[in-house]
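In: Give the three-dimensional model of this entry:
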Amino acid sequence: MEKRKFTVDQKLAILKEAETEGVAQTLRKHNIYGNMLYKWKEQLETRGKEGLKPYQRIDPEVKRLQLENLALKKLLADKELAIAVKDALLKKVQSKPRIN
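Out: Numbering: from 1, shown residues only. Coordinates of the predicted model:
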């Protein structure tokens, strides 16, 4: 494949298209590799729109903090999900009538 440069807006449009129309179809349409798409997705999740700008050297400390922040967000989401499941089960158990 030839080396092309995509703008931030083009990258965002391709990421949105991949979500709606499917990854395989989007990759074929734009003639890009899957690794590139997933790299853009990770950059968007960790650094937002700034992450999609052309390569800039990132301070290792900032990178470490970004990865730690992402890990903590995932951990928090798992904890919230566990609490929601426990609450739902508790409500279900409490709402059942007791048979003596």
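In: For the longest helix anywhere in the chain, which helices and strands make contact with it?
Out: The longest helix of the chain (DSSP state H) is helix 60-95. When contacts are defined as 3 or more C-beta pairs under 8 Å, 6 or more residues apart in numbering; DSSP states H and E, helix 60-95 sits against helix 34-47. For glycine as for every other residue, the C-beta is placed from the backbone atoms N, C-alpha and C.
In: give me the number of residues near Val8?
Out: Neighbour count of Val8, defined by other C-beta atoms under 10 Å: 15.
In: Distance check, it against Glu61.
Out: Distance of Val8 to Glu61, computed by C-beta to C-beta, to the nearest Å: 25 Å.
In: just Pro54 next, same as before
Out: 22 Å.
In: Quick check: nearest residue in space to the spatially most central residue of the chain, chain neighbours excluded?
Out: The residue lying closest to the centre of the chain (C-alpha atoms, centre = their mean) is Glu45, at 5.4 Å. Spatial nearest neighbour of Glu45, chain neighbours left out: Leu70 (6.8 Å); criterion: C-beta to C-beta, 6 or more residues apart in numbering.
In: For Gln56, give me phi and psi.
Out: In terms of degrees, to the nearest 10, the main-chain angles of Gln56 are phi -140, psi 140.
In: same question but for Pro54, I mixed them up
Out: Dihedral angles (degrees, to the nearest 10) for Pro54: phi -50, psi 160.
In: Tell me the confidence at it?
Out: Looking at Pro54, its pLDDT reads 80.
In: was I right about it contacting Val8?
Out: No: checked against C-beta atoms under 8 Å, the pair Pro54 and Val8 is beyond contact range at 9.0 Å.
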